[in-house]
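Trainee: When you get a sec, could you give me coordinates for this:
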Amino acid sequence: MPANEISLDARALLEAACKHYEQKNHKMAAMLFSKSAALGCNEAKVNLGNMYSTGEGVIKDESKAKNLYRSAYRGGCIYGALALGVQYKSEGRRQLAKKWLTRAKEAGNEWAADELNGYE
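Mentor: Numbering: from 1, shown residues only. As a prediction, the model looks like this:
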């Protein structure tokens, strides 16, 4: 299976996790995102990272969030780079924020271009 494809199981878990998240059932969403991420779903990694970043449904852990974002990026998900850039920006770590936002921008992400305002 190509790196950017995920199994049907991972996709089903991701979709179920998104539904639970929308229904504010954050603990169940986190559990399902985690299972999907373990099966290689990069989108689930970013979503779970966001939950660790905010503490929704899990104990807040910015280090875990960053690790999930990096893993998603390495797996081919540009949103991992965007999320890392935004995380570093919120921490005031300008150099790292610029590095990751630039990667996302160069891959065509318009949000990253907006986030880079004032950095270039």
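Trainee: Which residue is the nearest non-sequential neighbour of Ala17?
Mentor: Leu32 (3.5 Å; CB to CB, 6 or more residues apart in numbering). Bear in mind the C-beta positions are built from the backbone N, C-alpha and C, glycine included.
Trainee: Give me the neighbour count for the one you found.
Mentor: Leu32: 24 surrounding residues under other CB atoms under 10 Å.
Trainee: again, but for Ala16
Mentor: Residues within reach of Ala16, counting by other CB under 10 Å, total 17.
Trainee: mind checking pLDDT for it?
Mentor: Note for Ala16: predicted pLDDT of 96.
Trainee: go on, Lys24?
Mentor: 97.
Trainee: Centroid-nearest residue for the protein?
Mentor: Residue closest to the mean C-alpha point of the chain, counted by CA atoms, centre = their mean, is Val46 at 1.8 Å.
Trainee: how near is that residue to Ala37?
Mentor: Between Val46 and Ala37 the computed distance is 9 Å (CB to CB, to the nearest Å).
Trainee: How much space separates Ala97 from Gln87?
Mentor: Note on Ala97: its distance to Gln87, by CB to CB, is 8 Å.
Trainee: just to revisit the earlier point, residues in contact with both of Val46 and Ala37, list them for me.
Mentor: Here Val46 and Ala37 have Leu68 as joint contacts, going by CB atoms under 8 Å, 6 or more residues apart in numbering.
Trainee: longest helix in the protein, by residue count?
Mentor: When every helix of the chain is counted residue by residue (DSSP state H), the longest turns out to be helix 8-22.
Trainee: got the contact list for that one?
Mentor: With contacts defined as CB under 8 Å, 6+ apart, helix 8-22 is touched by 6, 26, 28-33, 35-36, 39-41, 43-44, 47.
Trainee: confidence score at Glu110?
Mentor: Predicted confidence (pLDDT) for Glu110: 89.
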